[in-house]
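Novice: Here you go, sequence then predicted model.
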Amino acid sequence: MINRRAIIVETPRTPLSGMEDGQRHGQFYLMTRRFTRNKMAVVALVFLVALILSAIFSDYLTPYDSSKQDLSARFLYPSLAHLMGTDDFGRDIFTRVLEGGRISLLVSVISVGISTVLAVVLGSIAGYFGGTVDNVIMRVMDIFIAIPGLLMAMAISAALGTGLVNTAIALAVSAVAPLVRQIRSSILLLKNQEFIEASKAFGAGDARIIITHVLHNIMAPLIVQISLRLGDTIMAIAGLSFLGLGVQPPTPEWGNMVAAGRDYIRQFWPIVTFPGVAVAVTMLAFNLLGDGLRDAMDPRMKR
Amino acid sequence: MNVLEIKDLSIRFHTDTGVVQAVNHIDLNLKQGETLGLVGETGAGKTTTALGVLNLVQSPPGEITSGEIVYKGKDMLKLKKHEMHAIRGGEISMIFQDPMTALNPVLTVGEQITEVISLHQTCSKAEATRHMVDMLEKVRIPAQRADDYPHQFSGGMKQRVVIAMALACHPKLIIADEPTTALDVTIQAQVLDMINQLKKESDTSLLLITHDLGVVAESCERAAIMYAGEIVEMGSVEDIFDHTAHPYTKGLFNSIPSLDKEIERLKPIEGLMPDPTNLPKGCKFHPRCPFALELPVCSQEEPRNFEVTPGHFVKCHRCSNWAETLTMEEKEGEDNG
């Protein structure tokens, strides 16, 4: 028999990189540090914060009223008085873009909030328990996936009627199914891992395992998804409003501003360009933020 | 007093290719403070047995088709869900094979140990944290590392964290499922020493699952040898090592290379483990058994458990006539000498 009582070597603990100074930092600090290394994500975050603040305080930022018509000041090109010019009714485009941002952000946050909660509940039940429950939930989701998202949102908003809340609901419902699928598939990967079995062996119940172990593990991808969904939803709101099914004029919204200005696209560029750019830049910012968060939140990232 | 008694336990898995007979009518008991080694090849049903004890066999496809698992007079298979949760981790704990995957990568080790404590003990958060720090120090991990994540630890340290989790609630029985297989040899010895020492301190029983006979020799008082879902030989470590009776156990010992002798080739047991969906008739080992040809009964009838000496059980037809086996053993002794 081989002698197994080999010399036991107590390995001295080597300090981890970044801790040479003996300082130990909280996880949040490390996450923030990782996040701030990604310059694009920081720029995106600053932009989004500015957008949110300007949406909240738009009433104080410009001297104009978004719906006040001034027929003597139609089709003005950008100037110091009108940063983005004026539209066909003489309304200040800058004011309308800021206020349109308020509507877009509000609707997309509500809509993504609804769809995330629904998707987390349905996805974790389907993924964790499997079997018949899984089958029923996923087949229903398949029906939803079979219908193109924008088409479904159009149908729902046509049925519910237009308006802020209805637009949010329509977009939420059409976004649930793909998110449920993603959550379910992350959970399927997770649930056969040994640490899930280990926590069962340590006496944890199903609810506790789902909340502390499973959801904790999919948090990073979920936050990235939420961030990406917010961008997509802003695009979809603009799309619906452009088609006349979302937010109705005269309430300013980026989509309906583009729709209203599209007749003048050849003669007067500011009227479609600024709301269009606002949609594009906001979406880009959400995507960059999502990427930055994903890199920063993974504790296994060693940079 | 027996802490754990397994009686006639059978576990099947229903798969597309057939019914896998993973565990077949095994009997096992474990006394207070005792260490029992459960030895067998990969696929012999060791882990399934362990999961069966905690009623963790996934169903479907798994199913416990017969038997009783009696822990302190209660049949584990008939407990209600919340009673089961109280026992798991609180009274019976499990140490898993691979510490790399047995810890949740996104929670700090401190949080994970605290979670086990708060699952089983009603105490304030501060008390749980204090207890967690004690446990970490018991497994010789400095307390300030409690806020680190599993990926910041080495394999041996992770396994010590798992041990701390398993012992946190002072269980009466620990099931260690190949606790050292994923570790390198020096760390293996360290981890085994630690398990043994902590076990002695708290008078816990230990069911040590392994495929390493060296580990059994070092840590166990009794051993059970598993083959194709059956326990073919069970007895004290002396019985198993010095009075080996079952041909499979003998084969296992013969396949360990000797340090003293210069040999060209290893001596494996001929043949392969039978397909668990299609186990052979009679003795499960007869297709590989060097003695099967002598006794036609081996391929016809399943052998009984013979108690050859008190406490030493062997599931082999040859033992129906113990005297004959003894003479053969002496003959072998002469051959070797």
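Specialist: Okay, I see it. None of the values given here were measured: they were computed from a predicted structure.
Novice: dump the residue contacts of the residue nearest to residue A:286 when sequence neighbours are not counted.
Specialist: Leaving aside its sequence neighbours, residue A:286 sits nearest to residue A:231 (CB to CB, 6 or more residues apart in numbering or on different chains; 3.3 Å). Yep, even glycine has a C-beta here, placed from its N, CA and C like the rest. Residue A:231 is in contact with A:282, A:283, A:284, A:285, A:286, A:287, A:290, counting by CB atoms under 8 Å, 6 or more residues apart in numbering or on different chains.
Novice: quick one: residue A:231 and chain B, what's the gap?
Specialist: 25 Å (CB to the nearest CB, to the nearest Å).
Novice: Are we agreed that that residue is in a strand?
Specialist: No - using DSSP: H, G, I helix; E, B strand; the rest coil, the secondary structure at residue A:231 is helix, not a strand.
Novice: could you dump the contacts of residue A:231 to JSON lines with secondary structure?
Specialist: As requested, these are exported to JSON lines (three-state DSSP):
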{"residue": "A:282", "secondary structure": "helix"}
{"residue": "A:283", "secondary structure": "helix"}
{"residue": "A:284", "secondary structure": "helix"}
{"residue": "A:285", "secondary structure": "helix"}
{"residue": "A:286", "secondary structure": "helix"}
{"residue": "A:287", "secondary structure": "helix"}
{"residue": "A:290", "secondary structure": "helix"}
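Novice: Quick check: the farthest pair among those residues?
Specialist: Distance extremes for the contacts of residue A:231: the farthest pair is A:282 and A:290 at 12.7 Å, using CB to CB.
Novice: quick revisit: report the buried members of the contacts of residue A:231.
Specialist: Buried by 16 or more other CB atoms under 10 Å in any protein chain shown: A:282, A:283, A:285, A:286, A:287, A:290, out of the contacts of residue A:231.
Novice: isn't residue A:175 right up against residue A:117?
Specialist: No - when contacts are counted by CB atoms under 8 Å, residue A:175 is not listed as touching residue A:117 (11.8 Å).
Novice: So which of these two has more stuff around it?
Specialist: Comparing residue A:175 with residue A:117 by other CB atoms under 10 Å in any protein chain shown, the one with more neighbours is residue A:175, at 25 against 12.
Novice: Quick check: closest non-adjacent residue to the more buried one.
Specialist: Of all residues not flanking residue A:175 in the chain, residue A:115 sits nearest, at 4.4 Å (CB to CB, 6+ apart).
Novice: quick one: which helix or strand includes that neighbour?
Specialist: Element membership for residue A:115 (DSSP states H and E) is helix A:93-129.
Novice: Return the set of buried residues in that helix.
Specialist: A:93-105, A:107-112, A:114-116, A:118-120, A:122-128.
Novice: Okay, buried residues for the helix or strand where residue B:193 lies please.
Specialist: Here residue B:193, judged by DSSP H and E, is contained in helix B:185-202. Under the neighbour-count criterion of 16+ other CB under 10 Å, helix B:185-202 has B:187, B:188, B:189, B:190, B:191, B:192, B:194, B:195, B:196, B:198, B:199 buried.
Novice: Quick check: the residue of the stretch 101-250 of chain B nearest chain A.
Specialist: Taking CB to the nearest CB as the measure, the stretch 101-250 of chain B has residue B:101 as its residue closest to chain A, at 4.1 Å.
Novice: doesn't residue A:196 make contact with that residue?
Specialist: No - the pair residue B:101 / residue A:196 is not scored as a contact, 9.8 Å apart, by CB under 8 Å.
Novice: Those two: which is more packed in?
Specialist: residue A:196 (22 against 18).
Novice: Contacts for the strand or helix carrying the more buried one next, please.
Specialist: Element membership for residue A:196 (DSSP H and E) is helix A:194-201. With contact meaning CB under 8 Å, 6+ apart, helix A:194-201 is reached by A:190, A:208-209, A:212-214, B:54, B:56, B:88-89, B:93-94, B:96-98, B:101-105, B:115, B:162, B:165.
Novice: could you flag which of the residues you listed are buried?
Specialist: Neighbour counting over the contacts of helix A:194-201 (16+ other CB under 10 Å) leaves A:190, A:209, A:212-214, B:54, B:56, B:88-89, B:93-94, B:96-98, B:101-105, B:115, B:162, B:165 as the buried ones.
Novice: among those, which are in helices?
Specialist: Counting by DSSP state H, the part of the buried ones among the contacts of helix A:194-201 found in helices is A:190, B:101, B:102, B:115, B:162, B:165.
Novice: now residue A:296, nearest residue through space, not along the chain?
Specialist: Excluding its sequence neighbours, the residue lying closest to residue A:296 (CB to CB, 6+ apart) is residue A:35, at 3.7 Å.
Novice: what's the helix or strand for the one you found?
Specialist: According to DSSP H and E, residue A:35 maps onto helix A:27-37.
Novice: How about that helix, which residues are buried there?
Specialist: Residues of helix A:27-37 classed as buried by neighbour count (16+ other CB under 10 Å): A:31, A:34, A:35.
Novice: Stretch B:258-269 too?
Specialist: For stretch B:258-269, by 16+ other CB under 10 Å, it's residue B:269.
Novice: From chain B, how far out is residue A:103?
Specialist: From residue A:103 over to chain B the distance is 36 Å, taken as CB to the nearest CB.
Novice: List the residues that contact that residue.
Specialist: A:164, A:237, A:247, A:251, A:252, A:253 are the contacts of residue A:103 under CB under 8 Å, 6+ apart.
Novice: give me the number of residues near the closest residue to the third one other than its chain neighbours?
Specialist: If the residues on either side of it in the chain are set aside, residue A:247 comes closest to residue A:253, at 3.9 Å by CB to CB, 6+ apart. By the other CB under 10 Å criterion, the neighbourhood of residue A:253 contains 28 residues.
Novice: what are the phi and psi angles of residue A:253?
Specialist: Note on residue A:253: its backbone torsions stand at phi -150, psi 140 [degrees, to the nearest 10].
Novice: Enumerate every residue touching it.
Specialist: Residue A:253 makes contact with A:100, A:103, A:104, A:237, A:238, A:241, A:246, A:247, according to CB under 8 Å, 6+ apart.
Novice: Contact partners for residue 153?
Specialist: Just going to use chain A. With contact set as CB under 8 Å, 6+ apart, residue A:153 has these partners: A:170, A:171, A:173, A:174, A:236, A:240, A:245.
Novice: was after chain B, sorry
Specialist: B:109, B:145, B:161.
Novice: try residue A:104
Specialist: Residue A:104 touches A:234, A:237, A:238, A:253, A:254, A:279, A:282, counting by CB under 8 Å, 6+ apart.
Novice: The residue of the stretch 51-200 of chain A found nearest chain B - nearest residue in space that isn't next to it in sequence?
Specialist: Taking CB to the nearest CB, chain B has its nearest neighbour within the stretch 51-200 of chain A at residue A:194, 4.1 Å off. Leaving aside its chain neighbours, residue A:194 sits nearest to residue B:101 (4.1 Å; criterion: CB to CB, 6+ apart).
Novice: Which of the three states applies to residue B:83?
Specialist: helix.
Novice: Next, count neighbours for the nearest residue to it once chain neighbours are set aside.
Specialist: Here the nearest residue to residue B:83 in space, its sequence neighbours aside, is residue B:74; by CB to CB, 6+ apart that works out to 8.0 Å. Neighbourhood size, residue B:74 [other CB under 10 Å]: 12.
Novice: now do the one 4 residues further on
Specialist: Counted with other CB under 10 Å, the burial measure for residue B:78 works out to 11 neighbours.
Novice: quick one: the strands in the stretch 101-250 of chain B?
Specialist: B:173-177, B:205-210, B:222-227, B:230-236 (DSSP state E, counting those that start in this stretch).
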